[in-house]
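# pasting the sequence and the predicted model now:
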Amino acid sequence: MHAAGPQVTSVRVNPGKRTFEGTADTRSDSAAVGHDRDGTFEGTADTRSDSAAVGHDRDGTFEGAASDGDAGLPAGAGAGDAGRGGSVWTVAGVERVPWSSFGYYLPERPSFTFDPLFHAGTYYVQEASSMFLEQALRQTTDLSRPLRVLDLCAAPGGKSTLLQSLLSPDSLLVSNEVIRNRVHILEENMVKWGGINTVITSNDPADFSRLENYFDVMVVDAPCSGSGLFRREPDLVTEWSPGNVQLCHQRQQRILADCWPSLRQDGLLIYSTCSYSREENEDILDWIVEDLGATTCRLETPPEWGIVETAGRSGAYGYRFYPDRVKGEGLFVACLRKNGGAAFTAPRKKGMLERPARKDEERIAVWMRPGTPLFYFHHQELIYGLPVELAADLPVLQSSLYLKRAGMPLGKLSVKEFIPEHDLALSMLINPALPALSLSREEALQYLRKDEWRPAVTHRGWTLVQYGGHNLGWIKALQGRINNYYPKEWRILRRES
């Protein structure tokens, strides 16, 4: 038995927004970060404490060791002195997470709330074990082709931001959270991450059975008894019991049986928990293989990573993370391929989406990054954008699910002007040639708190607010005043002590 090391803080950088080591990012516009009580953390609305402002995905997510492209550290992270305008954490003492292309261990936990780069979505605070999701996907899936991916238990967004960083721009990611009061946290984190090929839903797992054979990949970070998080959350010890383990086992079976029809033949299931109990892990794998019909996938895990390979009586492989062997919390993950099923057949009748007039699309296009073809559609008063390759998927999803958000809300057209949404400012769609105002760290925090302030602005009208070259949101410069359009529900309420 090894002694567990101290808890560590880890972050995953957003490759779609990063300037690497002083070099402009040339990768595709997709990205990621996060973790929920499941095992990752993420900073959402600044109104929370640092721990809440971080999230936590027990989503046994994983991430692959340096693969095609090293994301590098956030621009500004090396300044070390927050007062001089750098990030609140320094590169001194930072170490790579071995199974992650984008993950880093920090030598200490800073106050992420007061780092403007955090609010710009340039990184996500995520428990290191959960970053292994990258390995599970890279070792089993051809990520160069378009995929339909379901993150069934997605809040607060760690798994989904990571998935979006790995998927091709013409892939579709459906991020689902059945608990309605957690959907807003998921949506906020996805907005900050800046991707466009995502649909956010709030549905029971059984609802997905209507989409028979639709998904290529299904990620299920199942509700569990939480024993893998005892070190980090000692209060969970009093909630644990053998009876609760059995209840979780039954719930996990129901969740998987309900959503199983939506996975196509040879589709990939990535299953994870933050439990050590065999009933919730290897026994569930045996049930999937024997009752649902699946074939196990074996992953490569170098011995120096400290990950323990296990197997159920069916021979299905699983991978366990123990805090005394890895720099991370407890986690179990496994990959299986569906044996039955067929190819997806699109329904003949589809809903119709209301399209803007051609002249209106031309007015909007100037706000977008050149060379980014989009499918535009109306929803209520807003105009949304979606990759043109995914336009046919939206009516299919609308006919079967409750959609909280589809694609990217871009803004509202009035007679006089286009009124941009905050989502557009943080997206990877934004035209980099738009007027922008660069702020110091203190000015950026004033903006994020929605304090009264009077920056020197020479441009009139809608202006991007930036810190370290990354967008934070919008202001509108008028004669004699500045209107701050940062979302009031996201504003920072605390002040640095």
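Structure received. Here the structure is a predicted model, which means the values were calculated and not measured. Residues are numbered from 1 along each chain as shown.
# can you report how many residues neighbour P356?
For P356, the neighbour count with other Cβ atoms under 10 Å is 16. Every residue, glycine included, has its C-beta placed from N, CA and C.
# check it and give its pLDDT.
pLDDT for P356: 92.
# thought it was touching L374?
No - using Cβ atoms under 8 Å, P356 and L374 do not qualify as a contacting pair, with a distance of 10.9 Å.
# for the chain, what helix or strand is lowest in average pLDDT?
Lowest on mean pLDDT, DSSP states H and E among the helices and strands of the chain sits helix 236-239, with a mean of 85.
# beyond that helix, next helix or strand please.
Using DSSP states H and E, the helix or strand that directly follows helix 236-239 along the chain is helix 242-259.
# any regions of the stretch 351-497 of the chain where pLDDT drops low?
Low-confidence segments of the stretch 351-497 of the chain (pLDDT under 70): 351.
# give me that answer again for 80
351-352, 497 (pLDDT under 80).
# okay, helices next: where are they in it?
Here the stretch 351-497 of the chain has its helices, by DSSP state H, counting those that start in this stretch, at 358-365, 393-398, 422-426, 441-449.
# of all those helices, which gets the most neighbours per residue?
Of all the helices of the stretch 351-497 of the chain, helix 422-426 has the most neighbours on average by mean count of other Cβ atoms under 10 Å, namely a mean of 24.
# surely D423 touches L429?
No - contact between D423 and L429 fails when scored by Cβ under 8 Å: they sit 9.3 Å apart.
# between the two, what contacts are shared?
Common neighbours of D423 and L429, using Cβ atoms under 8 Å, 6 or more residues apart in numbering, are 408, 410.
# next up, phi/psi of P302, please.
Backbone torsions of P302, given as degrees, to the nearest 10, read phi -50, psi 140.
# how near is it to R210?
Using Cβ to Cβ, to the nearest Å, P302 is found at 42 Å from R210.
# pick out whichever of the two has more residues nearby.
When P302 and R210 are compared for neighbours, R210 comes out ahead with 16 against 10, by other Cβ under 10 Å.
# G194 reaches N14, doesn't it?
Yes - counting by Cβ under 8 Å, G194 does reach N14; the two are 7.3 Å apart.
# using the three-state scheme, assign the most centrally placed residue in the chain.
Centroid-nearest residue in the chain, with Cα atoms, centre = their mean: T161, separated by 1.9 Å. What DSSP: H, G, I helix; E, B strand; the rest coil gives for T161 is helix.
# then V149?
Three-state assignment for V149 (three-state DSSP): strand.
# just give me the neighbour total for the residue lying closest to it once chain neighbours are set aside.
The shortest distance from V149 to any non-neighbouring residue, by Cβ to Cβ, 6 or more residues apart in numbering, is to V217 (4.4 Å). V217 has 25 neighbours, counted by other Cβ under 10 Å.
# got the confidence number for V217?
Looking at V217, its pLDDT reads 98.
# and the lengthiest strand in the chain, what's buried?
Ranked by residue count and defined by DSSP state E, the top strand of the chain is strand 263-273. Within strand 263-273, the residues scored as buried using 16 or more other Cβ atoms under 10 Å are 263-264, 267-273.
# what's the most distant pair in those residues?
Farthest-apart pair in the buried residues of strand 263-273 is R264 and T273; separation 24.1 Å (Cβ to Cβ).
# so R369 makes contact with S427?
No - R369 lies out of contact with S427 (Cβ under 8 Å); the separation is 9.1 Å.
# neighbour count winner among the two?
Legend: neighbour count by other Cβ under 10 Å for R369 and S427, higher for S427 (26 against 14).
# and the more buried one, how far is that from I383?
S427 is 14 Å from I383, by Cβ to Cβ.
# any idea how many residues pack against G371?
5.
# now do the contacts for D258.
Here D258 is in contact with 204-206, 208-209 (Cβ under 8 Å, 6+ apart).
# list the contacts for R278?
Counting by Cβ under 8 Å, 6+ apart, R278 has no contacts.
# need phi/psi at it.
Taking degrees, to the nearest 10 as the convention, R278 sits at phi -60, psi -30.
# pLDDT at it, what is it?
Per-residue confidence (pLDDT) for R278: 96.
# so how far is D235 from it?
24 Å.
# what's the closest non-adjacent residue to A257?
Once flanking residues are discounted, A257 sits nearest to L292: 7.0 Å by Cβ to Cβ, 6+ apart.
# so the one you found touches C259, yeah?
No - L292 is not in contact with C259 according to Cβ under 8 Å; the separation is 10.5 Å.
# the two: who's more crowded?
Each of L292 and C259 has its neighbours counted (other Cβ under 10 Å); C259 has more, 24 against 18.
# how near is the more buried one to E212?
Distance check for C259 against E212: by Cβ to Cβ, it reads 11 Å.
# what is in contact with those two at once?
Overlap of the contact sets of C259 and E212 (by Cβ under 8 Å, 6+ apart) is empty.
# which stretches in the stretch 201-350 of the chain count as strands?
For the stretch 201-350 of the chain, the strands defined by DSSP state E, counting those that start in this stretch cover 215-221, 263-273, 294-297, 308-311, 317-321, 331-338.
# looking at those, which is closest to A391?
A391 sits nearest to strand 215-221 of all the strands of the stretch 201-350 of the chain, at 18.2 Å, using Cβ to Cβ.
# counting contacts, what elements does the closest one pack onto?
strand 148-151, helix 158-166, helix 242-259, strand 263-273 (3 or more Cβ pairs under 8 Å, 6 or more residues apart in numbering; DSSP states H and E).
# mind putting these into JSON lines with distance to G480 and mean pLDDT?
Output for those, formatted as JSON lines (distance: least, Cβ to Cβ, whole Å; pLDDT from 0 to 100):
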{"stretch": "strand 148-151", "distance to G480": "47", "mean pLDDT": "98"}
{"stretch": "helix 158-166", "distance to G480": "40", "mean pLDDT": "98"}
{"stretch": "helix 242-259", "distance to G480": "56", "mean pLDDT": "96"}
{"stretch": "strand 263-273", "distance to G480": "55", "mean pLDDT": "97"}
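# could you dump these into TSV and include distance to E329?
TSV is the format used below for these (distance: least, Cβ to Cβ, whole Å):
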stretch	distance to E329
strand 148-151	20
helix 158-166	13
helix 242-259	17
strand 263-273	12
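# wait, which of these is closest to T198?
In terms of Cβ to Cβ, the element of the helices and strands packed on strand 215-221 nearest to T198 is helix 158-166, at 6.4 Å.
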